[in-house]
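Enquirer: Next come a sequence and a model predicted from it.
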Amino acid sequence: MLVRLPVLAGLTLALTGVAGCNLFPEPDPLSKLEGPPRLTEPRTSYLDLGRQYLRAGEVAQAKAAFVRSMRVEGYTAAALTGAGLAAERQGLLTEARRFFERAKAKAPGSVLAHNNLGAVLYRMGEYHAAKQAFQAAFALSSGTSRVATHNLALSELAIRKALDDNPPEVPNPLPLQREGSGEYRILDPKKQESSS
């Protein structure tokens, strides 16, 4: 018997895309904004702008900036991850999953890509697939990632609880956002819930 556990917090996801693939159905997500995202400094990339918007809780603008980054600066794992994070925060889990799967394909050695894919799979109730993604993140970090360790334990708990008739609430995995070269930030689940 499959039991879905309640979702308590948002997750961080990562997707990778292939150049030439249409990632978004028409209309263009940028058309919903009053204008294209404006760079805060002449040398700021759309990727950095998307990260700034995401930190500020401006999810729609963040997603538009990440999409613009893919179009202008190329389809990178970082841009796909950012777009996946924004889509996840908008509750668009299937879209977020596609972004994260593409990010993982683009950067198969990325702990972040595997962790975020696992987080969105977990939110979708696909605990076994989430566990596999968390195991990959754990292995890629050589067991040093506390987030991967924590999320792997949560997925194993969720699988066990899904077999029980009356499962207790299980918290969501910890989401991650890349802040810069080698710097990551664990996203606050309470802040994510209030922004969605």
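Expert: Right, received. Where do you want to start? Numbering: from 1, shown residues only.
Enquirer: Low-confidence ranges, the protein, go.
Expert: The chain contains residues with pLDDT under 70 at 1-43, 165-172, 174-196.
Enquirer: All the helices of it, in order from the start?
Expert: 46-55, 59-73, 77-89, 93-106, 111-123, 127-140, 146-163, 189-195 (DSSP state H).
Enquirer: Next, count neighbours for the residue nearest to R89 when sequence neighbours are not counted.
Expert: Sequence neighbours aside, V59 is the residue nearest to R89 in space, at 4.7 Å (criterion: Cβ to Cβ, 6 or more residues apart in numbering). C-beta here means a position set from N, CA and C on the backbone, and glycine is covered the same way. Burial measure for V59: 20 neighbouring residues, criterion other Cβ atoms under 10 Å.
Enquirer: go on, the one 5 residues further on?
Expert: As a burial measure, A64 scores 26 neighbours (other Cβ under 10 Å).
Enquirer: correct me, but the residue nearest to R89 touches L92?
Expert: No. Contact criterion Cβ atoms under 8 Å: V59 and L92 do not qualify, at 10.1 Å.
Enquirer: Could you name every residue contacting both of the two?
Expert: Between them, V59 and L92 share no contacting residue under Cβ atoms under 8 Å, 6 or more residues apart in numbering.
Enquirer: gap between the residue lying closest to H128 once chain neighbours are set aside and L80?
Expert: Spatial nearest neighbour of H128, excluding adjacent residues (Cβ to Cβ, 6+ apart): I159 at 6.5 Å. Relative to L80, I159 is positioned 28 Å away (Cβ to Cβ, to the nearest Å).
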